[in-house]
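Novice: one predicted model, sequence on top.
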Amino acid sequence: MLEHQLLNDEKQCAEHIMLVDMGRNDIGKVAKLGSVEVEKLMNIERYSHVMHISSTVTGELCDDLTCWDALRAALPLGTVSGAPKVRAMELIDGLEITRRGPYSGGFGSVSFSGHMDISIALRTIVFPTVSRYNSMYSYKDVNRRQEWVAHLQTGAGIVADSNPDDEQRECENKAAALARAIDLAELTFVRKL
């Protein structure tokens, strides 16, 4: 039922198609002419607290380019910056109180042969300072541990037809999984000390 609602929500579908077009454009900058394809369009992926519309866009890298050129062409991904990218990043820089850090960046690996496997860091928990990270295990006093600061970072796609309450709820649902992970870690590790 929820899957049907999502796939029939005009705003969600329009937003997703816009993101697919941005992906096609980014891949087209480094792909051989005519090789860009949308292999999968509008599939549903389910996770513990949310479900997403997902598509797969591919292209064959130009012979004179490397995986680093492909990464440079794609970043920042339109799914986390918006469009137009440069103006969207300027707005993000002026509006968001907390720097994104690793949130919405890429994590992955590159082989010596140039094979790259990168994932977007979405729904992240960031402990912003090394000093807190280095000291958090040394606190035997539970009250001192509560001084740690963790940023639970999530997002939602904002377009002209967005309902602010729905977008807020989407962020809260995504953050709920992160909060649950913290709760489980505390139950497993912290309370045993």
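Specialist: In hand now; what should we look at?
Novice: element containing L152, please.
Specialist: For L152, the host element (DSSP states H and E) is strand 151-153.
Novice: quick one: buried residues of that strand?
Specialist: Judged by neighbour count (16 or more other C-beta atoms under 10 Å), strand 151-153 contains these buried residues: 152-153. C-beta coordinates here come from the backbone N, C-alpha and C atoms, glycine included.
Novice: list the buried ones in the next helix or strand after that strand?
Specialist: Beyond strand 151-153 on the C-terminal side, the first helix or strand identified by DSSP H and E is helix 164-188. Neighbour-count burial for helix 164-188, counted by 16+ other C-beta under 10 Å, picks out 170, 173-176, 178.
Novice: and those residues, which is closest to A70?
Specialist: Within the buried residues of helix 164-188, the smallest distance to A70 is 27.5 Å, found for K174 (C-beta to C-beta).
Novice: ok, the closest one - contacts?
Specialist: 49-50, 122-123, 154-156 (C-beta atoms under 8 Å, 6 or more residues apart in numbering).
Novice: rerun that using 10 Å as the cut-off
Specialist: Taking C-beta atoms under 10 Å, 6 or more residues apart in numbering, we find K174 in contact with 47, 49-50, 122-123, 152-156.
Novice: go on, G28?
Specialist: 34-36, 57, 59, 73.
Novice: list buried residues within those residues.
Specialist: For these, buried by 16+ other C-beta under 10 Å: 36, 57, 59, 73.
Novice: so what's the first one closest to, chain neighbours aside?
Specialist: Distances taken as C-beta to C-beta, 6 or more residues apart in numbering put G59 closest to V36, at 4.2 Å, once the chain neighbours are dropped.
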